[in-house]
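Asks: the amino acid sequence is not available; the structure is as follows:
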């Protein structure tokens, strides 16, 4: 039987495909059905797309590099500003503590004058608040 198959293959000219896998033989068979001009056109289009993708990739790499540099600079600035804000917050807390201490001290040492001063200070502020509410 093997002799018959080998003879049959040699008669049909399949012996040249004996070293190929069935998938490769199938692809070779399809190649006979295609127009070489169309294949060349497809290959040219693929090469053009590849060039565009390579250029786009290069531009994205450059953009990413620039973004990393800007991000590093922004992080440094952000840390400086955060540190400054923390210092301002500590300073304001210290100032408010001192004001509170001074108010308490003034209220104990000069209770009548303190009450008069507080009532005078609160009145203009309350009047401004009422004007804003009415507007």
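Replies: Perfect, I can see it now. None of these values were measured; they are calculated from a predicted model.

Asks: show me where the protein dips below the pLDDT cut-off.
Replies: Along the chain, the parts satisfying pLDDT under 70 run over 1-18, 122-130, 133, 135.

Asks: for it, which helix extends over the most residues?
Replies: If you go by DSSP state H, the chain has its longest helix at helix 36-109.

Asks: counting contacts, what elements does that helix pack onto?
Replies: Contacting helix 36-109 under the criterion 3 or more CB pairs under 8 Å, 6 or more residues apart in numbering; DSSP states H and E are the following elements: helix 111-134. C-beta: built from backbone N, CA, C; applies to glycine.

Asks: buried residues in stretch 104-116, which are they?
Replies: By neighbour count on 16 or more other CB atoms under 10 Å, the buried set for stretch 104-116 is residue 114.

Asks: return the distance of the longest helix of the chain from the chain's centre.
Replies: 10 Å (CA atoms, centre = their mean, to the nearest Å).

Asks: before we move on, what about stretch 25-36?
Replies: Its chain's average C-alpha position is 46 Å from that of stretch 25-36, according to CA atoms, centre = their mean.
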